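Colleague: generate coordinates for the sequence data below:
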Amino acid sequence: MDTSEGIASKPALGVVNRQFKKPIPIRRSKALRKKKAIEKAILRSDKAKEKKDKDKSKQSRIHNAKVLYD
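Modeller: Numbers count the residues shown, from 1 in each chain. Next comes the predicted model:
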């Protein structure tokens with residue numbers, strides 16, 4: 001019995017010819033709110049990163065001062 005001559009498997013129906021619909025355009029005000037929210041989130045993350053770096057440098061300065069006077 002030879003299995004190499006079997007019927008070729010068919011892809012799921014409708015998958016080959018499926019066309020994707022364009023997304024519905026959102027209102028201008030909603031788009032602006034979304035854009036502002038994204039910008040705000042980026043600014044917050046940058047600010048947090050700067051604060052973290054500042055705290056780290058402050059701790060290293062304090063540690064160096066303690067080592068110097070001990």
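
Colleague: okay, CA-based contacts and neighbour counts for the rest of this
Modeller: Noted.

Colleague: remind me what the stretch of helix or strand S60 belongs to packs against, helices and strands.
Modeller: Under the criterion of DSSP states H and E, S60 resides in helix 28-69. Packed against helix 28-69 by the contact rule (3 or more CA pairs under 8 Å, 6 or more residues apart in numbering; DSSP states H and E) you find no helix or strand.

Colleague: state the mean pLDDT of it.
Modeller: Helix 28-69 shows a mean pLDDT of 94.

Colleague: now do that helix: distance to the chain's middle.
Modeller: 18 Å (CA atoms, centre = their mean, to the nearest Å).

Colleague: ok, stretch 25-39 next?
Modeller: Taking the mean of its C-alpha atoms, stretch 25-39 sits 18 Å from the chain's own mean (CA atoms, centre = their mean).

Colleague: list the buried ones in that stretch?
Modeller: Within stretch 25-39, no residue is scored as buried using 16 or more other CA atoms under 10 Å.

Colleague: run through who's touching that stretch.
Modeller: Counting contacts by CA atoms under 8 Å, 6 or more residues apart in numbering, no residue outside stretch 25-39 touches it.

Colleague: output that stretch as PDB - backbone C-alpha positions only.
Modeller: C-alpha atoms of stretch 25-39 as PDB (Å, rounded to 0.1, in the frame of the first residue of the first chain):
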ATOM      1  CA  PRO A  25     -11.700  55.300  10.600                       C
ATOM      2  CA  ILE A  26     -12.000  56.700  14.100                       C
ATOM      3  CA  ARG A  27     -13.200  60.200  14.800                       C
ATOM      4  CA  ARG A  28     -10.700  63.000  14.900                       C
ATOM      5  CA  SER A  29     -11.300  63.800  18.600                       C
ATOM      6  CA  LYS A  30     -10.800  60.100  19.500                       C
ATOM      7  CA  ALA A  31      -7.700  59.900  17.400                       C
ATOM      8  CA  LEU A  32      -6.300  63.000  19.100                       C
ATOM      9  CA  ARG A  33      -7.000  61.700  22.600                       C
ATOM     10  CA  LYS A  34      -5.300  58.400  21.700                       C
ATOM     11  CA  LYS A  35      -2.300  60.300  20.300                       C
ATOM     12  CA  LYS A  36      -2.000  62.500  23.400                       C
ATOM     13  CA  ALA A  37      -2.300  59.400  25.700                       C
ATOM     14  CA  ILE A  38       0.600  57.700  23.900                       C
ATOM     15  CA  GLU A  39       2.700  60.800  24.100                       C
END
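
Colleague: no more questions from me, cheers.
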